[in-house]
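A.B. asks: sequence below, structure please.
(5 chains)
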Amino acid sequence: MCGRYTLLTDAQQLAAEFGLAEAVAFVQRYNIAPTQEVPVVRILQDAAGQEMAVIRQQEPGGERRLDVLRWGLVPHWSRDPKPVFRMINARAETVATQPAFRDAFRRRRCIVPASGFFEWQRLMKDGKEVKLPHYIRRRDGRPLALAGLWDRWQGADGVVVESFTIVTCEANELVRSLHDRMPVILDRADYGLWLDPASRPEDLLGLLRPCPAEWLMEGRVNPVVNNPRNDVPDCISDLP
DNA sequence: CCAGACGTTGTT
DNA sequence: GTCTGG
DNA sequence: CCAGACGTTGTT
DNA sequence: GTCTGG
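C.D. replies: So this is what the prediction gives:
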């Protein structure tokens, strides 16, 4: 599962990691929650759904850009711009066939950059359930590339809402003690394949598996992160 | 994901 | 318990 | 044909 | 938009 994460990487680092055409400034975030607007990496297509041929010749797949989208997918056919259901995650196992995701999986994939993500460990203490937040990040300090899907919703009055969801898979050995699901974390060598609108579904499905546990490290953090209103550095302060 | 609220009426 | 807001 | 659904998680 | 159920 992935329901909260951070983005602390600076614009230059992010541009280098993801091969962005332009280093776009954005706000550093310690506590990103569903429904909020956050930057994602994607390749835009023209209205006909074709990549722009000129750009494609120079850069396979087209230009990688950083755009701000809403977390919680609103399918283009929704009556409402607010999803009736909380589509903040999409299961890797069914993403190619579920009506809400399959179009996006075929042609509108993105990478959700994150410095780390949170998982809550549920424990019973004195007969009451407590939720202990844990923070998971890469050992090598690089940002995480979370596999995402996006869509564009347009209302009758012309209002446009662009939104995204994070693909999940079964948890690896490191995350399993906290939860049985985790976000799909892409290898740097696979960024191009995932982002290229022309990639074949059968190749893409091979990427949707848990990353090696050795990539990651994990530790308990301050419960101040539990409240999404607290977007402060304490959210990732380590607890013994 | 967690925190916090949790109503009714009539009209479009 | 269940839904909405962040 | 039209109407209605379209999702994930965790918990029971 | 597209599929399923009636």
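
A.B. asks: thought residue A:213 was touching residue A:182?
C.D. replies: No. Residue A:213 is beyond contact range of residue A:182, at 10.3 Å (criterion: Cβ atoms under 8 Å). Just so you know, the C-beta spots here come from the backbone N, C-alpha and C atoms, and that holds for glycine as well.

A.B. asks: so what sits against both of those two?
C.D. replies: Listed as contacting both residue A:213 and residue A:182 by Cβ atoms under 8 Å, 6 or more residues apart in numbering are A:172, A:175.

A.B. asks: looking at those two, which is more packed in?
C.D. replies: residue A:182 (24 against 14; other Cβ atoms under 10 Å).

A.B. asks: so the more buried one sits in a helix?
C.D. replies: No. Going by DSSP: H, G, I helix; E, B strand; the rest coil, the assignment for residue A:182 is strand, not a helix.

A.B. asks: now do the phi/psi pair for residue A:195.
C.D. replies: phi -80, psi -30 (degrees, to the nearest 10).

A.B. asks: got it, and residue A:224?
C.D. replies: Taking degrees, to the nearest 10, you get phi -60, psi -20 for the backbone angles of residue A:224.

A.B. asks: looking at chain A, which residue is nearest DNA strand B?
C.D. replies: Chain A approaches DNA strand B most closely through residue A:3 (1.8 Å), counting by Cβ to the nearest atom of the strand.

A.B. asks: tell me the spacing between that residue and residue A:25.
C.D. replies: Separation of residue A:3 from residue A:25 (Cβ to Cβ, to the nearest Å): 26 Å.

A.B. asks: likewise for residue A:90?
C.D. replies: For residue A:90, the distance to residue A:25 - Cβ to Cβ - is 29 Å.

A.B. asks: of those two, who's got more company?
C.D. replies: Neighbour tally, residue A:90 and residue A:25, criterion other Cβ under 10 Å: the higher count belongs to residue A:90, 25 against 9.

A.B. asks: got the residues of chain A near DNA strand D?
C.D. replies: Contacts of chain A with DNA strand D, taken as Cβ under 7 Å from any atom of the strand, map to A:1, A:77-79, A:85-87, A:89-91, A:94-95, A:98-101, A:122, A:129, A:168, A:179-181.

A.B. asks: for stretch A:210-219, buried residues please.
C.D. replies: A:210-211, A:215-216, A:218 (16 or more other Cβ atoms under 10 Å).
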